[in-house]
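A.B. asks: Structure for this input, please:
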Amino acid sequence: MKLLVFEFKKMFFSKKFLVLLAFLVALVVLLFFRNVILEDYVLDEKQSNYSYLVEVSEMNNRTYTRQLEQDLEEGTEEYEEIEMRQEMNLDLLNTADELHNLVGTDEWQQQLNVEISFMEQVRDYRMAEGEYPITEEEIHHTLALNQQLLAQGIPKEIENYSHAPPNFLLQVVNLWVTLGALVVVLLLIGDLMTSEFESRSINLLFTQPFNRAHIIVSKFVSSLVIYLIVLVAVLLTALGVSYLFGTEGNFQYPVIIEVDGVLRALTSVDYVVQAVGLMSLMVVFMISLYLLYSLLFKQTIMTLFALLGTLLLGYILTATFSMDALAWFNPFKYVLPEQAILTQENERWYDAIPVTLIVSVVLLFIASTKIKTSKVD
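C.D. replies: Numbering: from 1, shown residues only. The predicted model follows:
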């Protein structure tokens, strides 16, 4: 226990930890006020996007008019198809113009309904072989999200620029699980064990009257606690600043996920819990792997390169090859856990939790055994 307390205090009161913690808190606060400051700019961009769609429809209308007047004979099948597309395109033009006028107003329910109509029109227009700069994925996602928002009576927030607590928390969590947490952990534990070998201070630890395996356990537990402190600080800062200076939100705000090709809604609370939980599990795996590599290489640079290389290779193999049948046995599934939640094709977000925990325990056991025979070069 004394060794655990010593390791925790050494990490907690280190200049690196305090500076990193202050930097992350400041970064979250700056991100929030960046959202507030850029709100008008984002709305202008949204209006510009609808203006562009209006221009596209106007250009398509001129093309269809020219084809009908100059290139095609009236009454033919091709003429009727072009005429039908022109009518559908005119509907798109009118709806896009209506959406342009609704941006920035308080008529959020009308805007959601009009956007649903617009996406349905785009879908029908594309089925009629018309070209439009909106993808099928965007159509399906927008329809699913808007229908959920209307059903629950929740206004739509601007993605990645919201200052409502639930949505800003979602933005921070997405940044955290998309490399953010991995970078933070690498900075926190980069020289956790290897510095002991490089400075020869490990010799002092080896002479103390306790089992050497306790060194691994104490460093693992203290690292995990420090990570949790940073995580809680980041999440509380995101909630605190958005509650104090933001707008009212709803934690039932839907996050659209795909399960076996079907779009479903997950509440923002459920998404945050799943994403943070999977990322924290990956951190447990990372710390365990780091401690083993630090005993094998005993140098900070080599250990970090080995750790990053292993994670990168595992991620590439997971992303490149279809591993649906092996999802239960892949501890690298949660290197970037966001995708494991958003797209669940023939597998579920929780499939690899048991194997990741088991592999982490095995790595810790090997490290605890290895340190008993470890020597300083």
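A.B. asks: buried residues in stretch 1-16?
C.D. replies: 3-4, 7-8, 11 (16 or more other C-beta atoms under 10 Å). C-beta coordinates here come from the backbone N, C-alpha and C atoms, glycine included.
A.B. asks: same deal with stretch 346-361?
C.D. replies: 347, 349, 351-353, 355-356, 359-360.
A.B. asks: between these, which is closest to Lys15?
C.D. replies: For the buried residues of stretch 346-361, the closest approach to Lys15 (C-beta to C-beta) belongs to Ser360, at 29.0 Å.
A.B. asks: what's the nearest residue to the closest one if we skip its chain neighbours?
C.D. replies: Leaving aside its chain neighbours, Ser360 sits nearest to Ser288 (4.3 Å; criterion: C-beta to C-beta, 6 or more residues apart in numbering).
A.B. asks: likewise Phe329?
C.D. replies: Val355 (5.3 Å).
A.B. asks: Within the helices and strands, which one has the one you found?
C.D. replies: According to DSSP states H and E, Val355 maps onto helix 353-370.
A.B. asks: Also Met282?
C.D. replies: Counting by DSSP H and E, Met282 is found in helix 268-297.
A.B. asks: Please find the angle between the direction vectors of that helix and helix 353-370.
C.D. replies: When axes from the mean of the first three to the mean of the last three C-alpha atoms, to 10 degrees is applied, the directions of helix 268-297 and helix 353-370 differ by 30 degrees.
A.B. asks: low pLDDT regions in the stretch 151-300 of the chain?
C.D. replies: Applying pLDDT under 70 to the stretch 151-300 of the chain picks out residues 203-206, 209.
A.B. asks: ok, so what distance separates the residue nearest to Phe329 from Ala238?
C.D. replies: 31 Å (C-beta to C-beta, to the nearest Å).
A.B. asks: what's the closest non-adjacent residue to Ser201?
C.D. replies: Counting by C-beta to C-beta, 6+ apart, the residue nearest Ser201 is Ser195, at 7.6 Å.
A.B. asks: In PDB, list the C-alpha atoms belonging to the helix or strand containing the one you found.
C.D. replies: Using DSSP H and E, Ser195 falls within helix 194-198. What follows is helix 194-198, C-alpha atoms only, in PDB (Å, rounded to 0.1, in the frame of the first residue of the first chain):
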ATOM      1  CA  THR A 194      11.400   3.200 -18.300                       C
ATOM      2  CA  SER A 195      12.700   6.200 -16.400                       C
ATOM      3  CA  GLU A 196      13.400   3.900 -13.400                       C
ATOM      4  CA  PHE A 197      15.800   1.900 -15.600                       C
ATOM      5  CA  GLU A 198      17.300   4.900 -17.300                       C
END
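A.B. asks: Could you list every helix and strand that that helix packs against?
C.D. replies: Helices and strands touching helix 194-198, by 3 or more C-beta pairs under 8 Å, 6 or more residues apart in numbering; DSSP states H and E, are helix 268-297, helix 300-320.
A.B. asks: Please tell me I have it right and the residue nearest to Ser360 contacts Phe220.
C.D. replies: Yes: here Ser288 reaches Phe220: they are 6.8 Å apart, a contact under C-beta atoms under 8 Å.
A.B. asks: Surely Ile134 forms part of a helix?
C.D. replies: No: counting by DSSP: H, G, I helix; E, B strand; the rest coil, Ile134 is not part of a helix but coil.
A.B. asks: pretty sure it contacts Val122?
C.D. replies: Yes: Ile134 is in contact with Val122 according to C-beta under 8 Å; the separation is 5.2 Å.
A.B. asks: the more surrounded of the two?
C.D. replies: Just comparing Ile134 and Val122: by other C-beta atoms under 10 Å the higher neighbour count belongs to Val122, 24 against 17.
A.B. asks: next one: the one helix or strand the more buried one maps to to chain centre, how far?
C.D. replies: Taking DSSP H and E as the criterion, Val122 maps to helix 108-127. Computed by C-alpha atoms, centre = their mean, to the nearest Å, the chain-centroid distance of helix 108-127 equals 27 Å.
A.B. asks: Could you tell me whether Phe251 really is in a strand?
C.D. replies: No: applying three-state DSSP, one finds Phe251 to be coil, outside a strand.
A.B. asks: coming back round to it: overlap in contacts, Ser288 and Phe220.
C.D. replies: Counting by C-beta atoms under 8 Å, 6 or more residues apart in numbering, the residues touching both Ser288 and Phe220 are Leu364.
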